[in-house]
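Peer 1: Below are the sequence and a predicted model for it; my questions follow.
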Amino acid sequence: MTFKVTDDRVGEWSVLRVAGELDLVTSPVLRQRVHEAVAQGRHHLVLDLSDVLFCDSSGVGVLIAARRLIRSCRGRLRLILPAAGAEGTSRGGEGGRGGGAHVNRVLGALGVRRLFDVYEDLATAVAEEPLSA
């Protein structure tokens with residue numbers, strides 16, 4: 001599975017769609033993309049993790065660092081994490097959409113899910129306008 005981060009805008013929100021495995025090798029790519037968005041003045045960020053099939057501690061570290069960075073800019077960070085994924089989805093599996101359920105479970109197991117504003121889908125995540133900085 002190839003790791004990919006694509007960029008989009010929905011109203012005032014910048015959306016980074018992440019697909020693949022978020023691990024020691026790929027997490028610096030996401031970290032860089034978040035830093036680039038903030039450097040461009042985009043402080044209201046949605047990370048769509050729906051297509052992330054695997055996330056290790058370095059991936060979780062990037063999410064926590066992104067939260068800290070966005071908060072320091074008085075911005076907002078929202079995660080898209082489906083509650084349940086496709087059956088049989090596992091590391092390297094082809095379970096289609098729903099891989100983000102793995103990230104949801106990892107964040108819950110580590111006790112850090114409560115740190116994030118989590119939404120089921122993009123429409124819900126961007127429905128409410130961000131608070132102005």
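Peer 2: In hand now; what should we look at?

Peer 1: residues of the longest helix along the chain that come out buried?
Peer 2: For the chain, the helix with the greatest residue count under DSSP state H is helix 57-72. Under the neighbour-count criterion of 16 or more other C-beta atoms under 10 Å, helix 57-72 has 58-60, 62-63, 66-67, 69-70 buried. In this view, the C-beta of every residue, glycine as well, is placed from N, C-alpha and C.

Peer 1: longest strand of this structure?
Peer 2: strand 44-55 (DSSP state E).

Peer 1: What is that strand packed up against?
Peer 2: Counting contacts by 3 or more C-beta pairs under 8 Å, 6 or more residues apart in numbering; DSSP states H and E, strand 44-55 packs against strand 13-22, helix 27-39, helix 57-72, strand 76-80, helix 100-110, helix 122-127.

Peer 1: Contacts for the helix or strand of the chain with the lowest mean pLDDT, please.
Peer 2: Here the helix or strand of the chain ranked lowest by mean pLDDT, DSSP states H and E is helix 100-110, holding a mean of 87. Helix 100-110 is contacted from outside by 22, 48-55, 59-60, 63, 79-85, 89-90, 113, 116, 118, using C-beta atoms under 8 Å, 6 or more residues apart in numbering.

Peer 1: Counting neighbours, which of those end up buried?
Peer 2: Applying 16+ other C-beta under 10 Å to the contacts of helix 100-110 flags 22, 48-55, 59-60, 63, 79-82, 85, 89, 113, 116, 118 as buried.
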